[in-house]
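Colleague: Mind folding the following:
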Amino acid sequence: QVQLVESGGGLVQAGGSLSLSCAASGRTFSRYAMGWFRQAPGKEREFVIGISWNGGVTSYADSVKGRFTISRDNDKNIMYLRMNSLRPEDTAIYYCAADSSRMYVSRRSDDYDYWGQGTQVTVSG
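Modeller: Below is the predicted model of the structure:
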């Protein structure tokens, strides 16, 4: 069982930066692929970025390539999301998620077993 808690959301102006963290409980965090998803009002939850269990493989949605960076510290059981050059369309609730089954980074939300409660990111234009 893994529990995930996001932090670091907030309000930022367009062009600004924000960092999110996802703290995980449980000793198996280091074996799981992890991902960040987001959901804007009236829209479906979408994949943003993901990282393999050892950090060796990352996967990005086209909309965030070159702007967002993902990393993880398996010793501390924390995953990070660094968001630069934020745009109003990045406004959403951001969720971290853990996939206990796959060695690769999936972009499908159904493949993730554990979810955080979400943190709001608002980018003003």
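
Colleague: which parts of stretch 50-62 are buried?
Modeller: Buried residues in stretch 50-62, defined by neighbour count with 16 or more other Cβ atoms under 10 Å: 50-53, 59-61. No exception for glycine: its C-beta is placed from N, CA and C like everyone else's.

Colleague: OK, contacts around the residue positioned nearest the centre of the chain?
Modeller: For the chain, the residue nearest the mean C-alpha position is W36 (2.1 Å; Cα atoms, centre = their mean). Contact partners of W36, counting by Cβ atoms under 8 Å, 6 or more residues apart in numbering, are 20, 22, 48-50, 70, 79, 81, 94-97.

Colleague: which of those lies closest to R87?
Modeller: Ranked by distance to R87 (Cβ to Cβ), the contacts of W36 are led by V48 at 13.0 Å.

Colleague: In a helix, that closest one, correct?
Modeller: No - assigned with DSSP: H, G, I helix; E, B strand; the rest coil, V48 falls outside any helix and is strand.

Colleague: Give me the pLDDT value at it.
Modeller: Predicted confidence (pLDDT) for V48: 98.

Colleague: quick one: R27 from P41, how far?
Modeller: Here the criterion is Cβ to Cβ, to the nearest Å. By it, R27 lies 37 Å from P41.
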